[in-house]
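In: The amino acid sequence is not available; the structure is as follows:
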């Protein structure tokens, strides 16, 4: 064998190995490149540069060229030819498809990568040629749109089978795109929802089987974009842009997409760590469905806004639990939990009138605290406290009248602090900041609410009652913080009676208030004295 023939054989082997590496997403290591450079006598950076040059010239240019060529031919096929028989462009298209497949077969051994790209281009042209049978012509060969959609769906299935068998991510992505185009072209709600559902199931399968996370994220995005296009009356097909009001079952399909797509990360192969693609896909799945669900229900389906957001809340919270139980996921658990809390909040606001829904939102805080502790998520707890304060402040601003329901804010704050203290080992909290913040909130919320609820003459009596409750809690829970809250409330009561009680209270209530507060202060002083003496005796 001559040197020329040997070099040619080696070059062919290298090309085949490079193609295998590309299909399997294998990259040459730095050590391998350095070793080859040492053997050839060339610097490593020169070899790397040359390798990049050949990859661009050999693979990237081939892929780009074939895609551009396929798009050009697709435009050629969709051109409205006047004076020619209507079937001639489609016939020419099918001949081109057959020719490309033939060339791909013939070049498979010598130009493997180009042959594969040609096959992908042929599949793309097969779809546009079939699309030409009904569209882009004044005299379509197939007049029944449903027959056309059936043929297009068959082409998409063939494309997907070939692409998946080759394990070609790029070709599979093109095939999925053609499937979503078919949904849009159908311009039929039920066909759109069905295709979206089937492709969601397929992409979940591919993600679990092959870990094609980028393709999974691409497909998730397209599913929700296609659903949005349907809701906007499918302007891509030339329809006037407007919000569609039928069918209402589209909301169920939205939740169905979410459930299917969430399982794509939940059951991923070998429980791969939550990398960036997994984080992004979970984020897109949560935010997209919340946005669409709210947009669709608030514009066209207000009568079911509460019901569907409650269902969505249960669904999201269930998936957050599944992610936590299955793998102690941090990020996906957080996204689905936040999505659950958000949809629950929307449902509460939709169900109850102002200001009642603020009260129910405050009680929701307990659910957030409980699940956050189970998930060991400090971030959710901090975020929940900030939201809790925002809800309370908004309630004060927007409420025309402070009702007894406002006491719920103080109760929730106390219970939240107690739950956090009870389960602090789960959060591994090193400080008392969050618990103190909730207790401080309760300290201000109770006096403020009672000041507006009870008649002016009985404010002092109500505040003294709060003081007694704090002392009782301190005794039962063996917690000195409640004693400090009791002392602070007593001092606040003293300031109130001196600043306001002397001027605004009626004589009878003024006398009663001074006597009651004085007795409470004296009794409290005696109790502290006895406690101090017992402490000294023990020491």
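Out: Here it is on my side, so go on. All values reported here derive from a predicted model rather than from experimental measurement.

In: helices and strands of this protein: which one bottoms out on pLDDT?
Out: Least confident element among the helices and strands of the chain, by mean pLDDT, DSSP states H and E: helix 30-40 (a mean of 45).

In: Show me what secondary structure element comes after the helix or strand encompassing residue 265.
Out: Residue 265 is part of helix 250-266, with elements assigned from DSSP states H and E. Using DSSP H and E, the helix or strand that directly follows helix 250-266 along the chain is helix 276-299.

In: What ranges in the stretch 301-450 of the chain fall below the confidence cut-off?
Out: 424-432 (pLDDT under 70).

In: Let me see the ranges of the helices in it.
Out: For the stretch 301-450 of the chain, applying DSSP state H, counting those that start in this stretch gives helices covering 305-327, 331-351, 356-374, 378-398, 407-422, 424-427, 433-453.

In: Any chance of the backbone angles for the closest residue to residue 334 other than its chain neighbours?
Out: Excluding its sequence neighbours, the residue lying closest to residue 334 (C-beta to C-beta, 6 or more residues apart in numbering) is residue 377, at 6.1 Å. From N, CA and C alone the C-beta is placed, and that goes for glycine too. Residue 377 adopts backbone torsions of phi -110, psi 100, taken as degrees, to the nearest 10.

In: before we move on, back to that, among the helices of the stretch 301-450 of the chain, which is nearest residue 212?
Out: helix 331-351 (17.8 Å; C-beta to C-beta).

In: what angle separates that closest one from helix 305-327?
Out: Relative orientation of helix 331-351 and helix 305-327, computed by axes from the mean of the first three to the mean of the last three C-alpha atoms, to 10 degrees: 160 degrees.

In: Can you spell out which helices and strands pack onto helix 331-351?
Out: helix 250-266, helix 276-299, helix 305-327, helix 356-374, helix 378-398 (3 or more C-beta pairs under 8 Å, 6 or more residues apart in numbering; DSSP states H and E).

In: Now do the contacts for residue 338.
Out: Residue 338 makes contact with 286, 380, according to C-beta atoms under 8 Å, 6 or more residues apart in numbering.

In: before we move on, what about residue 404?
Out: 449, 453.

In: sorry, back to before: hey, which of the helices of the stretch 301-450 of the chain is tucked in deepest?
Out: Most buried of the helices of the stretch 301-450 of the chain, by mean neighbour count (mean count of other C-beta atoms under 10 Å): helix 331-351, with a mean of 22.

In: returning to what we had before: now do the contacts for the residue nearest to residue 334.
Out: 330, 333-334, 337.

In: can we see that at 10 Å?
Out: The contact partners of residue 377, by C-beta atoms under 10 Å, 6 or more residues apart in numbering, come to 324, 330, 333-334, 337-338, 368, 371, 383-384, 427.

In: Same question for residue 451.
Out: Residues near residue 451 by C-beta under 10 Å, 6+ apart: 402, 459, 462-463, 496, 500.

In: most centrally placed residue in this structure?
Out: Per C-alpha atoms, centre = their mean, the C-alpha nearest to the average position across the chain is that of residue 286, at 2.4 Å.

In: ok, that one touching residue 331?
Out: No - with contact defined as C-beta atoms under 10 Å, residue 286 does not count as touching residue 331 (11.0 Å).

In: Flag whichever of the contacts of residue 451 scores worst on pLDDT.
Out: Among these, residue 500 carries the weakest pLDDT, at 68.

In: Pop out the phi and psi values for residue 275.
Out: According to degrees, to the nearest 10, residue 275 has phi -90, psi -180.

In: ok, the closest residue to it other than its chain neighbours - contacts?
Out: The shortest distance from residue 275 to any non-neighbouring residue, by C-beta to C-beta, 6+ apart, is to residue 213 (7.5 Å). By C-beta under 10 Å, 6+ apart, residue 213 lies in contact with 207, 264-265, 268, 272, 275-281.

In: Repeat that for residue 217.
Out: Residue 217 touches 203, 207, 264, 276-278, 280-285, counting by C-beta under 10 Å, 6+ apart.

In: let's see 6 Å
Out: Listed by C-beta atoms under 6 Å, 6 or more residues apart in numbering, the contact partners of residue 217 are 280-281.

In: now it, what's its secondary structure?
Out: Following DSSP: H, G, I helix; E, B strand; the rest coil, the label given to residue 217 is helix.

In: so how far is the helix or strand where residue 155 lies from its chain's centroid?
Out: Assigned by DSSP H and E, residue 155 belongs to helix 145-165. Taking C-alpha atoms, centre = their mean, to the nearest Å, the mean C-alpha location of helix 145-165 is offset from the chain mean by 30 Å.

In: could you give the mean pLDDT of it?
Out: 89.

In: ditto for stretch 262-271
Out: pLDDT averaged over stretch 262-271 gives 83.

In: how about stretch 173-185: buried residues?
Out: 173-185 (16 or more other C-beta atoms under 10 Å).

In: Among these, show me the least confident.
Out: pLDDT is lowest at residue 174 among those; the value there is 86.

In: which one is that residue nearest to, not counting chain neighbours?
Out: Nearest to residue 174 is residue 124, by C-beta to C-beta, 6+ apart, at 6.1 Å.

In: ok, now how distant is that neighbour from residue 131?
Out: Distance of residue 124 to residue 131, computed by C-beta to C-beta, to the nearest Å: 11 Å.

In: coming back round to it: only whichever of the contacts of residue 213 are buried, select them in ChimeraX.
Out: Restricted to buried positions by 16+ other C-beta under 10 Å, the ChimeraX selection for the contacts of residue 213 reads:
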select :207,264,265,268,277,278,279,280,281
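
In: just to revisit the earlier point, just the buried residues of the contacts of residue 451.
Out: 402, 459, 462-463, 496.

In: These in helices, which ones?
Out: Those of these mapping onto helices are 459, 462-463, 496, per DSSP state H.

In: Make CSV from those residues and add distance to residue 434 to it.
Out: Shown next, in CSV, are those (distance: C-beta to C-beta, whole Å):
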residue, distance to residue 434
459, 30
462, 28
463, 26
496, 29
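
In: from those residues, which two are the most distant?
Out: Spanning the widest gap among those are 462 and 496, at 10.8 Å by C-beta to C-beta.

In: re earlier: among the buried residues of stretch 173-185, name the ones in helices.
Out: Of these, the ones assigned to helices by DSSP H are 173-185.

In: which one of the contacts of residue 377 sits closest to residue 189?
Out: Proximity of these to residue 189 (C-beta to C-beta) peaks at residue 338, which lies at 30.4 Å.

In: gap between the closest one and residue 375?
Out: In terms of C-beta to C-beta, residue 338 sits 11 Å off from residue 375.

In: for residue 164, same thing?
Out: Distance check for residue 164 against residue 375: by C-beta to C-beta, it reads 36 Å.

In: and those two? which has more neighbours close in?
Out: When residue 164 and residue 375 are compared for neighbours, residue 375 comes out ahead with 23 against 18, by other C-beta atoms under 10 Å.

In: State the distance from that one to residue 254.
Out: Here residue 375 is placed at a distance of 26 Å from residue 254 (C-beta to C-beta).

In: same deal with residue 385?
Out: From residue 385 across to residue 254, the span is 31 Å (C-beta to C-beta).
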